[in-house]
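**Q** Okay, here's the prediction I keep looking at, along with the sequence it came from:
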Amino acid sequence: MKANRVLMLLVVLSAVIPSVIAACGDVSEEVTEDPISIDGQVFLEERCTDCHGLGRVTGAEKTRDQWADTVTRMVNIGARLNDEEQTALIDYLAQTYGP
Ligand code: HEC
């Protein structure tokens, strides 16, 4: 009986420890990277690929104003982004795909 308990504990610990370590890893990543860029990149990959591939975006070089115009146009035709998300995305696009 007692040996079984110890075994159970080991099984539970070995399941929990890797996820604790993984969670710590996520935290340090967030601290070292610019959160605006992370959000912008996520929005780009998740919300801008419904209708066309990423190539439309990654092949372009635009100023912040031009990206703002493009994102507004995409939102008008159906891209799912609220105002805050649009700003984060436009910042990311201007930083990453500038002229
Ligand atoms: C509802 C469908 C749809 C979604 C969602 C969408 N697009 Fe588009 N996109 C289009 C269509 C259609 C065109 C081609 C016609 C045009 O340029 O207006 C296009 C063209 C483009 C172009 C090339 C034209 C230009 O202005 O340089 C870029 C860049 C672009 N999209 C970026 C984006 C970004 C960034 C997002 C995410 C915010 C996005 N798209 C989401 C439909 C979409």
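**A** Cool, the structure landed.
**Q** Now residue 43: closest residue in space that isn't a chain neighbour?
**A** Sequence neighbours aside, residue 89 is the residue nearest to residue 43 in space, at 4.5 Å (criterion: CB to CB, 6 or more residues apart in numbering). All C-beta spots, glycine's among them, are computed from the backbone N, C-alpha and C.
**Q** Would you tell me which residues of the protein are close to the ligand?
**A** For the chain, the residues in contact with the ligand under the definition CB under 6 Å from any ligand atom are 47-48, 50-52, 56-57, 60, 70-71, 73-74, 77-79, 81, 89.
**Q** Tell me which of those fall in helices.
**A** The members of the residues of the chain next to the ligand that map onto helices under DSSP state H are 47, 56, 57, 70, 71, 73, 74, 89.
**Q** my read: the third one touches residue 47, true?
**A** No: taking contact to mean CB atoms under 8 Å, the distance of 11.2 Å between residue 57 and residue 47 leaves them out of contact.
**Q** Residue 39: neighbour count?
**A** Residue crowding around residue 39 was assessed by other CB atoms under 10 Å; the count is 17.
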